[in-house]
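Colleague: All I have is the shape, not the residue letters:
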């Protein structure tokens, strides 16, 4: 295969990867706290002996869109939404993870957990315990959780020290590397943050990627026919 074929195959591989990312965005357009992703294309230039350099597309990085999404009122006393930068910190079997999905419920032990059973952590990295006789659950803007008029915990709000270190793990969970407090963020009770995916934009992008892939495939088919024709002509 010549240089044009290799370059086109690299492009096709990247477009397939982007198609998968766009499809995942669309599938999570109604997932609470979901953050849309985009594929980052880079250019790899190789110097060839006695030939011009070869430039190939490489799609290995992902960009996480951290823009604020709309907040919907849920009325749940353990439903929290972050306004501004920052994430909740939860404890999973794979370690601590960041999330913007703020729907929590007390477990049988009285700890606030996600729908998957991951414990919500406070500003000191410890699980948050809600007494079984707690009444009048209230949340202040800085994340301080109160019951019966007395503070019981302060929900930790965190962000990666290096924004580029943020990596999507699964669903609405992220790994952030070294963390620091998100001091400018505020917490709202009885609210949930929607997904920041815009379905119309994602569908338009999917159509664009699909058309680009089809054009690349037509080029590869034509190139294959050309090579076959040359081989047949030389073999006569």
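Modeller: That came in fine, so what should we check first? This one's a predicted model, so the numbers in the text were calculated from it and none came from an experiment.

Colleague: And stretch 175-184, what's buried?
Modeller: 175, 176, 179, 182 (16 or more other C-beta atoms under 10 Å). Placement of C-beta: from N, CA and C, glycine included.

Colleague: Out of those residues, which two sit at the greatest distance?
Modeller: Using C-beta to C-beta, the buried residues of stretch 175-184 span at most 16.2 Å, a distance reached by 175 and 182.

Colleague: Now do the same contact list for residue 134.
Modeller: 147, 148, 152 (C-beta atoms under 8 Å, 6 or more residues apart in numbering).

Colleague: ok but it is inside a strand, no?
Modeller: No. Applying DSSP: H, G, I helix; E, B strand; the rest coil, one finds residue 134 to be coil, outside a strand.

Colleague: State the mean pLDDT of the top helix by length along the chain.
Modeller: In the chain, with assignment by DSSP state H, the single longest helix is helix 199-235. Across helix 199-235, the average pLDDT comes to 84.

Colleague: Figure out how far it is from the centre of its chain.
Modeller: 30 Å (C-alpha atoms, centre = their mean, to the nearest Å).

Colleague: That one - contacts with which helices or strands?
Modeller: Under the contact criterion of 3 or more C-beta pairs under 8 Å, 6 or more residues apart in numbering; DSSP states H and E, helix 199-235 touches helix 3-27.

Colleague: Now the helix it packs on: buried residues?
Modeller: 7-8, 10-12, 14-15, 17-19, 21-22, 25.

Colleague: Can you tell me which member of the residues you listed has the lowest pLDDT score?
Modeller: Lowest confidence among those: residue 7, with 70.

Colleague: Okay, that one and residue 220: tell me how far apart.
Modeller: Distance, residue 7 to residue 220, by C-beta to C-beta, to the nearest Å: 11 Å.
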